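[1] Sharing a model prediction with you, sequence too.
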Amino acid sequence: MSKAIDNLARQAGIKYVLDPQIGYGKPDQNGQIKPEPALSLSWDYITPREALLALLDNYRLQLVENPQTGVALITE
């Protein structure tokens, strides 16, 4: 999923950081590794920004944009 987020954000011209709390590939409080979801994407007639927002929404993530820095945060 991180590659899809990265590609869509790049196409949309969005600079972002991923909240470390999301933690794909890292152990949670119980020591369980949180796997990164596998994706299969196919969108027509949609902008990269709309696709990114739809993807994030599907996984209960959000894009929080900071107009002062121009860098967005992707968080839960």
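    Sure thing, it's come through.
[2] use CA for all of it now, contacts and neighbours both
    OK.
[3] low pLDDT regions in the chain?
    Low-confidence segments of the chain, defined by pLDDT under 70: 1, 23-28, 34-39, 41.
[4] In this protein, what residue spans correspond to helices?
    2-12, 48-58 (DSSP state H).
[5] what packs against the last one?
    Identification of packing neighbours for helix 48-58 by 3 or more CA pairs under 8 Å, 6 or more residues apart in numbering; DSSP states H and E yields helix 2-12, strand 62-65.
[6] now the ones you listed as a markdown table including mean neighbour count and distance to residue 54?
    Below are those laid out as a markdown table (neighbours: other CA atoms under 10 Å; distance: least, CA to CA, whole Å):
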| stretch | mean neighbour count | distance to residue 54 |
| --- | --- | --- |
| helix 2-12 | 15 | 11 |
| strand 62-65 | 16 | 10 |
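[7] do you know which of the helices of the chain lies nearest residue 40?
    Closest to residue 40 of those is helix 2-12 (CA to CA; 9.6 Å).
[8] Tell me what angle the closest one forms with helix 48-58.
    150 degrees (axes from the mean of the first three to the mean of the last three CA atoms, to 10 degrees).
[9] still on that earlier bit, dump the helices and strands packed on helix 48-58 into CSV; add distance to residue 74 as well.
    Formatted as CSV, those follow (distance: least, CA to CA, whole Å):
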stretch, distance to residue 74
helix 2-12, 9
strand 62-65, 5
